[in-house]
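Undergrad: Could you look at this predicted model? Sequence included:
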Amino acid sequence: MNRRNFLKVASATGAMVAVSPSSIIQKLYASNGLMYTAYERVQLVGADGAPIKASALKKETNYMFNYPHVGTPAMLLDLDDPSAKDVTLKTEEGEEYLWKSGVGAKRTIVAYSAICSHQLAHPTPSDSFLQYVQKDKKTMAYKNSGVIVCSSHLSAFEAKEGAKRLSGPAVDPLASVVIEVAEDDTIWAVGVLGADRFHAYFKTFKPELKEFYGGKRKAKKLVKISAKTVVLNEYTKEIIQY
């Protein structure tokens, strides 16, 4: 796949921001121009370093990788049903933006930041309160399954619609990791769409970042070239789901 050209788009404030035309339809869907951030174009690879192929993903399985920073977890899902198209999402501050759809042949592959928009609960190497709950399993957070759940405070998010909030104390959707499937079936992360929780995350979890990543400075480094992608029970020791 050829490296994409980024358009310079003027926001309502006059600031300039690089935007991927392939990801958000050549238009910035936010009033302040800050809802999409282009990061390093990174290939998702397995624990052995081999590229992850979209056609090899297991349905409704929680895959974890860290992006865009070394210390920020993200989830990759291949849903059982196609995702919606052109979903308008809104932040707590009232800013609207457009989530285009999932990717892959049937629009079933989606990726989201695994940092809850409520109080920043997230998977760690020790435990995980946030994960996708398969359609054949039950959750206390929502009447239906097939949703992303943060069991820390029982917020639920719609995986097929840009991780919009369905129930619980969370207000904002989860941020989306913008991904692409190349012609050779490999998967690439290219940016983040939605409210940025990374600054608050790094400020809040300093002891944890020191334990797992060697400190805040190392955890804030941008992931480059590739991101190791594993199933959730290989990423964390304990999965907590209600």
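TA: Noted; the coordinates are in hand.

Undergrad: Mind giving me the packing neighbours of the helix or strand that contains residue 148?
TA: Per DSSP states H and E, residue 148 falls inside strand 147-150. Applying 3 or more CB pairs under 8 Å, 6 or more residues apart in numbering; DSSP states H and E, one finds that strand 147-150 makes contact with strand 130-133, strand 155-158. For the C-beta atoms, the positions are set from N, CA and C on the backbone; glycine is no exception.

Undergrad: Tell me, please, where in the chain the pLDDT is lower than the cut-off.
TA: For the chain, the stretches with pLDDT under 70 are 1-34.

Undergrad: Identify the single longest strand in it, thanks.
TA: In the chain, ranked by residue count with DSSP state E as the criterion, the top strand is strand 36-45.

Undergrad: List the buried residues for that strand?
TA: In terms of neighbour count (16 or more other CB atoms under 10 Å), strand 36-45 has its buried residues at 36-39, 41-42, 44-45.

Undergrad: and the end-to-end length of stretch 98-110?
TA: With CA to CA, to the nearest Å as the measure, the ends of stretch 98-110 fall 15 Å from one another.

Undergrad: For it, list every residue counted as buried.
TA: Going by neighbour count (16+ other CB under 10 Å), the buried part of stretch 98-110 is 98-104, 107-110.

Undergrad: Go through the helices and strands packed on strand 147-150 and name the closest to residue 227.
TA: Closest approach to residue 227 among the helices and strands packed on strand 147-150 is made by strand 130-133 (18.0 Å; CB to CB).

Undergrad: partners of that closest one in the sheet?
TA: With DSSP bridges as the test, strand 130-133 is paired with strand 147-150 (antiparallel).
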